[in-house]
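> Next come a sequence and a model predicted from it.
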Amino acid sequence: MGSIGGEEMVKELKELSSSEEKILVSVRLRPLNEKEIARNDVSDWECIDDHTIICRNNLLERSTYPTAYTFDRVFRSDRSTRKVYEEGAKKVALSVVSGINSSIFAYGQTSSGKTYTMSGITEYAMADIYDHIQRHKDREFILRFSAMEIYNESVRDLLSVDNTPLRLLDDPERGTIVEKLMEETLRDWNHLSELLSICEAQRQIGETSLNETSSRSHQIIRLTIESCAREFRSAESSSTLIATVNFVDLAGSERASQTLSAGTRLKEGCHINRSLLTLGTVIRKLSKGRNGHVPFRDSKLTRILQSSLGGNAKTAIICTLSPARSHVEQSRNTLLFASCAKEVSTSARVNVVMSDKALVKHLQREVARLENELRSPGFTSVTSGVSELLRGKDLLIDELEKQVKELTLQRDLVQSQVEELLRGAGSDKSSIISAGSEHHYPRLRVRHNSSVSDFSASAGPQSPEAGIGTLYRSRFHGRHSRNESDELQIPDSDENFLTDGASPHLSIGSPTLVGTAPGQGWEDFEEQSIDNSEDICKDVQCIEIDILNGSKLMDSTALSPVENKEVFSLKDENVDETDQEKMTLPLKADGESYIFPASITPEQAEDASSLGSLKLTHNQSKTCEEDSVTDTPSPPWFVETEKDENTPVNVVDKSFLGRPEDLPRKLSSLNYDNENGRLSRSGSQNSAHLIGIDEPKAQDVETSNNMDTESKSLDPGKKQIDKVQLPEEQLANEQELKTEAKPVEVSRSVKDVALDPIEVKLDNPSNWQSEFQRLQGEIIELWHSCNVSLVHRTYFFMLFKGDSTDSIYMEVERRRLSFINGTFTQGKQTMEGGHILTLSSSMRALRREREMLSKQMTKKLSEKERKSLYEKWGIDLHSKHRRLQLAHRLWTDTKDLNHIAASANLVAKLIGFAEPADASKELFGLNFTPMRVSGKSNHWKRNVMSIV
Ligand SMILES: Nc1ncnc2c1ncn2[C@@H]1O[C@H](COP(=O)(O)OP(=O)(O)OP(=O)(O)O)[C@@H](O)[C@H]1O
């Protein structure tokens, strides 16, 4: 049998076992015993087959008794007890392991072999039960053993030495129970054997003490078996099977048979075995059906075995016969009893005991069901109505839950979008000052022949430098690679001197370029550019060529979102390109590019070129020339460089490589007035002596003004930097361009873009000088307000000294600082190199920088120099923290240019920046190519990076 744990299985078992079943009746004939043989008794009984036994006594043939009896099984005298057990008892006995009560009776006259048979059957059955348990490890079995004797209607516990009769009690569920009957839980087979021995001994004692023959008592050995499936033991649905098997060795039936056959002797008083008599009566009545009263309660035996005699049990009766002719009458009576018994039916079923949990659950369900019934007379209809209602409610709940989930998702999405926008806004603004490469910016689209390549037009509409970024990038720094994806290769932050956020103050445009990951699709770009532009474009300013106004360098400011979008999204969704008027602009063969606002007409463009529109020379080396990017028409607002079919795969890496070596952008030294401790901008010959800055070697303005001339004379293979050409040169270059350049298409579709130009007086040195001083003063004030790095200030101050070509740098710096200042003023924050920049964080950074500089004083300055500085800077020589005091005085007087110059010189000295040739404007973020820096420059770089 498999594991029986579930209620389903139990139900099945119940159904299978609940059918009525006749008592299994067998007859066992024993051989003649020695006494019978000794008195020459003859055997009158013969089993002619397995079911029939006949009497061969001729004397009886004339009587009214039948000569042949048929039973379920008859066993000849030579049949073993094993055989009797196997065929006449085993099936019934083993029902107990399946939860079905069972009883095996041995009925017969004294010395017919009842005990002989029953003891054997008991042992075999016990052995089989144990064997069953062994073979069913999935179930847990508990065996409880008890034994009793009924003598003269007294029940005695055979496991107890106490002879006190036990009372019988009626239990509504369990039926008749024997009070205080000992029940031993069997530990093992040996324990069972031991208990059986005790029973045998007790019974013998009884015989002795009562001086009666054993035939006058009934012995019941009872084994109760509980079992449950191990895996369901703790489960609610687990059920326990419980059943009892009775091995009943009845008293000798000689008297009983007499009473059964002759009711006149019923009144024999105490000698009559009431139990045996009642058993006969009960069997007789039961054999005739269940109609009428069955006197189970008339005897202790029938009370105790009531269920086994017609109720919930399987029953087998083995009737034992003596073959001796001398016992023929008793034998006939036994067969008569057996005949009656075989007509009796029982209805055995599986006895299931529910676990407490299962019972409670079941009862709760039952209670609920009954309560529902009680509440409404029309229970059924109401139930169905309620079910409908509940179903509707369930559907509603499901729907609501779905909606909640959707709304939650939407909320999360919106939340993340808001956060993303906020981050983006911060990043965009920070692009002014940050070199963070993680920002994403729209990319410019550059067309190659039939393909469209997109490269990072980092300076989107998000930042004031957007236009500048675009401009410069396209002119000088776009690392345009004609690789398979036509992606503009963006220098990574390691390559780019200041694009890793090391010095946010020294980089302007780089983050705007490096944001786009290689391989990012054009569609992606469009999405980004449009999305971002709409939100942030109000901050956008753009320096652009104002062709219409004839200005050389224009600044488009305050663009409306739409306008900016048009400009920076690089693809105007509202314009059908095919309908757009195109204009062709010449490109210079050496890689010069023109940047035109989309609003210009071809005619205007033509004029612009002749007027010397801002032309940012890109005097590429040979390799740069080879690396030219495109020759195909480009979408509005793009930068196009010349095409060269020999363009290497990676143009960018070979394009702009930094300042021409023979055109060092040397720092001007500052004039230091030893008398008053102030420096002046002129008189560079005397500058910087105090703090040891090198004597100026650069030609300052002169050099600057001659840059274009010089650059023209350069070997084209040499590296060159960007610069703004003067009109005359530009015109000349334009002439060249017209003959060699490839056409550039500029869309007119965005001609309504309102540019707000800023005129930069490049052609009038006097105007520029005054403009320069104004810008410089403003920048110095903004540095102070924005807590800009002193190193940055120093570097910038020393680098940009009024050269006309500095105008763009100056303007960029001014706008960048204005933006930061505005951010600080509004109490907002922006991103810088991936970090949040606030007024307080900038103050902290500046404080740390001053501390660093104070430490540098001991390294870079001699004691004598320090002392001199203290005196010059008005620091009490006897005060504490003199170095720190000095560091905190640097760059504080924004109105005094000598103070500024002295501060710059001192900072330069402290950070080891002593070689003007190292200085490069590209460090200010206008260069996106790796800087070719010397060892000393690296030193400078390290210093800068460690500071910021
Ligand atoms: N089938 C048999 N084969 C051999 N010997 C048997 C058989 N049946 C009984 N005997 C022997 O007959 C004798 C009497 O048997 P047993 O005591 O079992 O009779 P009984 O019906 O129990 O008598 P009582 O009612 O007095 O207890 C015993 O010695 C027993 O060994």
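All right, it came through fine. Numbers count the residues shown, from 1 in each chain.
> Which part of the stretch 351-500 of the chain gets nearest to the ligand, residue-wise?
Nearest residue of the stretch 351-500 of the chain to the ligand: Asn351, at 30.6 Å (C-beta to the nearest ligand atom). To be clear about C-beta, it is placed using only N, CA and C from the backbone, and glycine gets the same treatment.
> so what's the backbone phi/psi at that residue?
Asn351 adopts backbone torsions of phi -100, psi 110, taken as degrees, to the nearest 10.
> do Gln306 as well
Dihedral angles (degrees, to the nearest 10) for Gln306: phi -60, psi -50.
> swap in Asp157?
phi -80, psi 120.
> For Ser227, which three-state class applies?
Put simply, Ser227 is strand when judged by DSSP: H, G, I helix; E, B strand; the rest coil.
> so how far is the ligand from it?
32 Å (C-beta to the nearest ligand atom, to the nearest Å).
> before we move on, the earlier item: wait, what's in contact with the residue of the stretch 351-500 of the chain closest to the ligand?
Residues in contact with Asn351 (C-beta atoms under 8 Å, 6 or more residues apart in numbering) are Gly99, Ile100, Asn101, Leu241, Ile242, Ala243, Asn312.
> Buried members of these into ChimeraX, please.
Under the burial definition 16 or more other C-beta atoms under 10 Å, those of the contacts of Asn351 that qualify are selected in ChimeraX by:
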select :99,100,101,241,242,243,312
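> and which of the contacts of Asn351 is nearest the ligand?
Looking across these and measuring by C-beta to the nearest ligand atom, the closest to the ligand is Asn101, at 24.4 Å.
> got a pLDDT number for that closest one?
Reported pLDDT at Asn101 in the predicted model: 89.
> likewise Cys537?
Cys537 is given a pLDDT of 35.
> Start the count at 9 instead of 1 going forward.
Sure thing, new numbering starts at 9, so read that last one as Cys545.
> Count the neighbours of Arg856 for me.
Using other C-beta atoms under 10 Å, Arg856 is surrounded by 12 other residues.
> With Ser887 instead?
9.
> now it, what's its secondary structure?
coil.
> Thought Gln893 was touching it, still the case?
Yes: assessed by C-beta atoms under 8 Å, Ser887 is found in contact with Gln893 at 6.8 Å.
> how many neighbours does the residue of the chain found nearest the ligand have?
Proximity of the chain to the ligand (C-beta to the nearest ligand atom) peaks at Gly121, 2.5 Å away. By other C-beta under 10 Å, 23 other residues sit near Gly121.
> and the gap between it and Lys308?
24 Å (C-beta to C-beta, to the nearest Å).
> cool, Ser826 as well?
For Ser826 relative to Lys308 (C-beta to C-beta), the value is 115 Å.
> for Leu905, phi and psi?
According to degrees, to the nearest 10, Leu905 has phi -70, psi -30.
> And for it, the neighbour number?
For Leu905, using other C-beta under 10 Å, the count is 19.
> what's the pLDDT at it?
90.
> Could you list every helix and strand that the lengthiest helix in the chain packs against?
Criterion DSSP state H: the longest helix present in the chain is helix 387-438. Contact partners of helix 387-438 among helices and strands, from 3 or more C-beta pairs under 8 Å, 6 or more residues apart in numbering; DSSP states H and E: helix 364-383, helix 530-544, strand 838-840.
> at 10 Å what do you get?
On a contact count with 3 or more C-beta pairs under 10 Å, 6 or more residues apart in numbering; DSSP states H and E, helix 387-438 meets helix 364-383, helix 518-522, helix 530-544, helix 815-833, strand 838-840, strand 843-845.
> which bits of this protein sit near the ligand?
38-39, 41, 116, 118-124, 221-223, 260, 328 (C-beta under 6 Å from any ligand atom).
> so what's in contact with Ser887 and Gln893 at the same time?
Residues touching both Ser887 and Gln893 (C-beta atoms under 10 Å, 6 or more residues apart in numbering) are Tyr878.
> weakest of the helices and strands packed on helix 387-438 by average pLDDT?
helix 518-522 (a mean of 32).
> Spell out which residues make up each domain of this protein.
15-361, 452-955 (automatic domain parsing).
> Quickly, which of those bottoms out on average pLDDT?
Averaging pLDDT over each of those puts domain 452-955 lowest, since it has a mean of 52.
> Does Leu790 touch Met818 like I think?
No: using C-beta atoms under 10 Å, Leu790 makes no contact with Met818, being 11.5 Å away.
> so what's Ala97 up against?
32, 34, 81, 89, 110, 112-114, 125-126, 128-130, 132-133, 255, 324-326.
> Inside strands: which ones of these?
Leu32, Ser34, Arg81, Ser110, Ile112, Phe113, Ala114, Phe255, Ala324, Ile325, Ile326 (DSSP state E).
> quick revisit: out of the residues of the chain next to the ligand, which end up buried?
38, 116, 118-124, 222-223, 260, 328.
> which two in the residues you listed are spaced the farthest apart?
Arg38 and Ser222 (16.1 Å; C-beta to C-beta).
> how long is stretch 189-199 end to end?
18 Å (C-alpha to C-alpha, to the nearest Å).
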